[in-house]
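Student: Predicted model, plus sequence, below.
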Amino acid sequence: MPATLGGKLRVWRFLMARRAVQAGLLLLFFGSLHWGWNLFGRPLLVGNYSASEVLGLVPLADPFAVLQTVLTGYFPTTEVLVGAGLILLFYGVVGGRTWCAWVCPMNLVTDAAAWLRKRIKVRDLVNVTRNVRYGVLALTLVLSALAGVAAFEWVSPISMLHRELLFGAGIGWAAVLGVFLFDVLVLRDGWCGHLCPLGAFYAVLGERTAQVRVAFVDERCSRCGECVRVCPEPQVLNFKKAAEAGMVASGECINCGSCIPVCPEDALRFDWRHRIVAARRAGDPGLEKSQVPPQRRVA
Amino acid sequence: MSESTRRDFLVKAAQGTALAATGGLIWWFLLKNQARATPFAIRPPGAGTEAEFNALCIKCGLCLPACPYGTLKLAAAGESIPIGTPYFLPRDVPCYMCPDIPCKVACPTGALDPELTDIHQASMGLAVIDIESCLSWQGLRCEVCHRDCPVTNKAITVVHHPRKTSKHAVFVPLVHSEHCTGCGICEKVCPTDVPAIRIVQADLVQGKMGAHYRLGWTIDTPITQEFVPAQEAGPVRPGVDTTGAGVDYLND
């Protein structure tokens, strides 16, 4: 960690941007609902992360919630389908799990848990594969069809959190506290990295379509592992795969950008997938992007 | 595949299946348990059957700010109503039956039926009267529910109820289910300590007579030749032909 404030701010630039987006969106929801924030009499953003409306015109909806709804056997109206389509398009382009790092309010809770966990040095109680989330995802879809209700939406601590924040008191906070304690005491990145079916849904979505990716310059990387230490999904930073693709291609990458400022060799940056692919085809390793001269790899 | 790797694979598959089955069962139980509580929720206008509403409501809360009276609430976790779904408590704030039904307009999923255009066709619930605590039924002249009912003189009527000659007649409110929308204004205005008239889901209290009963004294149920006895019952008495309409041994 740099000693100067400027250096610290540089390291925290993506973190600060993410917090601004997360808090800003929640504030927009809250202000439109409780303080009547509007533009020409049209409320800015009403609803919540399940479904909402921008300026009383543009519908938005959680595509995973809508998918569960469709599976119940009751067909929703076009409005919510359009809303889900718009969100699907957006995250399809920027990378599905960009939702997780930049928008989802639960990220505030689990990041706090990860921070605390590091400080008090807790070891995992259980060892579980991160692929459990795909099982939970499958189970969500099967149960939605069997029980006739959107299975995850009825138990989701994420929805409980934003509903508690926007609409008021209930014991939904207990579920949020549960996620926090689980992440601190039981399993590192337990909720977001192992169980959450919404994250799994967006990971599947982002695997091929995501356009915003973390580009990787193998020629600069000294394999020091700083990036892996700060990454909430460390399995995505597979150096061999990243070197082949020139980027972190996995859909499980949440585009949080934590790895970028901590890299001492400046081997990582955000870039567009098509530019990374084009540069690799042209044989350009992308070194010109960096201000730091390339270092010799520590063998 | 060697013996041990095949065994590992089978064990892994069995473990995964067991985990999914156990987790799924608990999860399914949670969902069903929550859904079971829904008959006690009074929903905004346009909500269909509970199964339909539970499936379609996405828990976005868009109907809440749309309501100009602040009638609607979202069920919080731990309440005996499915989490995150809108409902209202008529005794606190009833539905004032806006003619443009803004909550329905705000609903993005169709959980509040977009086809509902006349608020008088809404069926949020049904008013029922506890005649043991209703002031009018005791003989006092109350009738507040009748006078405040927005479906004037249709959903609630006051009928004259004569008693023995030594006592004065009572005027009692009666609810008519075909007109009552379940808005709950009657429950709101009822002057008793605990409301004597309340909104409940109609399914919980309504009976069904059965199509074979004939109210012979009413004009719309005349006894005609179409009044067919059960055909499959066979001859009532040996040797008597009962195949003709309206024919049995009494008509011999």
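Tutor: Nice, I can see it.
Student: Strands of the stretch 51-200 of chain B, start to end?
Tutor: For the stretch 51-200 of chain B, the strands defined by DSSP state E, counting those that start in this stretch occupy B:73-74, B:86-87, B:126-129, B:156-161, B:170-175, B:197-200.
Student: okay, the ones you listed in CSV with distance to chain A and mean pLDDT next?
Tutor: In short, each C-beta sits where N, CA and C put it, glycine included. Output for those, formatted as CSV (distance: least, C-beta to the nearest C-beta, whole Å; pLDDT from 0 to 100):
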stretch, distance to chain A, mean pLDDT
strand B:73-74, 5, 90
strand B:86-87, 10, 94
strand B:126-129, 24, 96
strand B:156-161, 33, 89
strand B:170-175, 31, 92
strand B:197-200, 23, 95
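Student: what would those look like in TSV with distance to A:A3?
Tutor: As requested, the strands of the stretch 51-200 of chain B are exported to TSV (distance: least, C-beta to C-beta, whole Å):
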stretch	distance to A:A3
strand B:73-74	48
strand B:86-87	53
strand B:126-129	72
strand B:156-161	77
strand B:170-175	77
strand B:197-200	67
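Student: Please produce a markdown table containing those, extended by mean neighbour count and distance to B:V11.
Tutor: A markdown table is the format used below for the strands of the stretch 51-200 of chain B (neighbours: other C-beta atoms under 10 Å in any protein chain shown; distance: least, C-beta to C-beta, whole Å):
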| stretch | mean neighbour count | distance to B:V11 |
| --- | --- | --- |
| strand B:73-74 | 21 | 45 |
| strand B:86-87 | 24 | 47 |
| strand B:126-129 | 22 | 57 |
| strand B:156-161 | 14 | 68 |
| strand B:170-175 | 18 | 64 |
| strand B:197-200 | 22 | 53 |
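Student: Show me the domain layout of the chain.
Tutor: Just going to use chain A. Under the assignment automatic domain parsing, the domains of chain A span A:5-204, A:211-289.
Student: wait, I meant chain B there
Tutor: B:16-123, B:125-206.
Student: In chain A, which residue is most central in space?
Tutor: Central residue of chain A (C-alpha atoms, centre = their mean): A:C100, 2.0 Å from the mean position.
Student: which bits of chain B sit near chain A?
Tutor: Selection of chain B residues close to chain A by C-beta under 8 Å from any C-beta of the partner chain yields B:16, B:19-20, B:23-24, B:27-28, B:30-32, B:34-35, B:51-52, B:54-56, B:58-62, B:64-65, B:73-74, B:76-79, B:82-84, B:106, B:108-111, B:114.
Student: Buried among those residues? Make that a PyMOL selection.
Tutor: In PyMOL syntax, the buried subset of the residues of chain B next to chain A is picked out as below (16 or more other C-beta atoms under 10 Å in any protein chain shown):
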select buried, chain B and resi 20+24+27+28+31+34+35+52+54+55+56+58+59+60+61+62+64+65+73+74+76+77+79+82+83+84+106+108+109+110+111+114
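Student: In helices, which of the residues of chain B next to chain A appear?
Tutor: The helices, defined by DSSP state H, take in B:16, B:19-20, B:23-24, B:27-28, B:30-32, B:34-35, B:51-52, B:54-56, B:64-65, B:106 from the residues of chain B next to chain A.
Student: Grab the nearest non-local neighbour of the residue nearest to the centre of chain A.
Tutor: A:I254 (4.4 Å; C-beta to C-beta, 6 or more residues apart in numbering or on different chains).
Student: Likewise for B:H176?
Tutor: Nearest to B:H176 is B:A155, by C-beta to C-beta, 6+ apart, at 5.9 Å.
Student: before we move on, the earlier item: just so I know, which of the domains of chain B lies nearest A:V109?
Tutor: Closest to A:V109 of the domains of chain B is domain B:16-123 (C-beta to C-beta; 15.5 Å).
Student: what separates the closest one from the chain centre, distance-wise?
Tutor: Offset of domain B:16-123 from its chain centre (C-alpha atoms, centre = their mean, to the nearest Å): 14 Å.
Student: and if you look at stretch B:142-151?
Tutor: 21 Å.
Student: neighbouring contacts of that stretch?
Tutor: The contact list for stretch B:142-151, computed with C-beta atoms under 8 Å, 6 or more residues apart in numbering or on different chains, reads B:96-97, B:120, B:127, B:134-136, B:153, B:155-158, B:171, B:173, B:179-181, B:183, B:185-186, B:188-191, B:197.
Student: out of these, which are inside helices?
Tutor: Per DSSP H, the contacts of stretch B:142-151 map to helices at B:135-136, B:185-186, B:188-189.
Student: which among the residues you listed gets closest to chain A?
Tutor: Among the ones in helices among the contacts of stretch B:142-151, B:K188 lies closest to chain A (C-beta to the nearest C-beta), at 21.9 Å.
Student: so who does that closest one touch?
Tutor: B:90-94, B:148.
Student: out of those, what pair is the most spread apart?
Tutor: B:D92 and B:D148 (15.8 Å).
Student: Between the two, which is the more surrounded one?
Tutor: B:D148 (15 against 12; other C-beta atoms under 10 Å in any protein chain shown).
Student: Could you look up the SS state of the residue of the stretch 151-299 of chain A found nearest chain B?
Tutor: Relative to chain B, the nearest point of the stretch 151-299 of chain A is A:G170 (2.3 Å; C-beta to the nearest C-beta). On the three-state scheme (DSSP: H, G, I helix; E, B strand; the rest coil), A:G170 is labelled coil.
Student: Nearest spatial neighbour of it, chain-adjacent residues omitted?
Tutor: The spatially closest residue to A:G170, leaving aside those adjacent along the chain, is B:A76, at 2.3 Å (C-beta to C-beta, 6+ apart).
Student: do the same with A:G178
Tutor: According to C-beta to C-beta, 6+ apart, the nearest residue to A:G178 is A:P157 (7.0 Å).
Student: Work out the gap between the host helix or strand of A:L108 and the centre of the chain.
Tutor: In this structure, A:L108 is located in helix A:106-120 according to DSSP states H and E. Its chain's average C-alpha position is 15 Å from that of helix A:106-120, according to C-alpha atoms, centre = their mean.
Student: repeat for stretch A:111-128
Tutor: The answer for stretch A:111-128 is 19 Å, by C-alpha atoms, centre = their mean.
Student: mean confidence for it?
Tutor: Averaging pLDDT along stretch A:111-128 gives 89.
Student: Alpha carbons of it, as PDB, please.
Tutor: Only the C-alpha atoms of stretch A:111-128 are listed here, as PDB (Å, rounded to 0.1, in the frame of the first residue of the first chain):
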ATOM      1  CA  ASP A 111     -16.800  -6.900   1.000                       C
ATOM      2  CA  ALA A 112     -17.100  -5.700   4.700                       C
ATOM      3  CA  ALA A 113     -17.000  -9.300   5.800                       C
ATOM      4  CA  ALA A 114     -14.000 -10.000   3.600                       C
ATOM      5  CA  TRP A 115     -12.200  -7.000   5.100                       C
ATOM      6  CA  LEU A 116     -13.000  -8.000   8.700                       C
ATOM      7  CA  ARG A 117     -12.000 -11.600   8.000                       C
ATOM      8  CA  LYS A 118      -8.600 -10.500   6.800                       C
ATOM      9  CA  ARG A 119      -8.000  -8.400   9.900                       C
ATOM     10  CA  ILE A 120      -9.000 -11.000  12.400                       C
ATOM     11  CA  LYS A 121      -7.400 -13.800  10.400                       C
ATOM     12  CA  VAL A 122     -10.100 -16.500  10.300                       C
ATOM     13  CA  ARG A 123      -9.600 -19.800   8.600                       C
ATOM     14  CA  ASP A 124     -12.400 -21.500   6.600                       C
ATOM     15  CA  LEU A 125     -14.600 -23.900   8.600                       C
ATOM     16  CA  VAL A 126     -15.600 -25.800   5.600                       C
ATOM     17  CA  ASN A 127     -14.100 -26.500   2.200                       C
ATOM     18  CA  VAL A 128     -16.600 -26.200  -0.500                       C
END
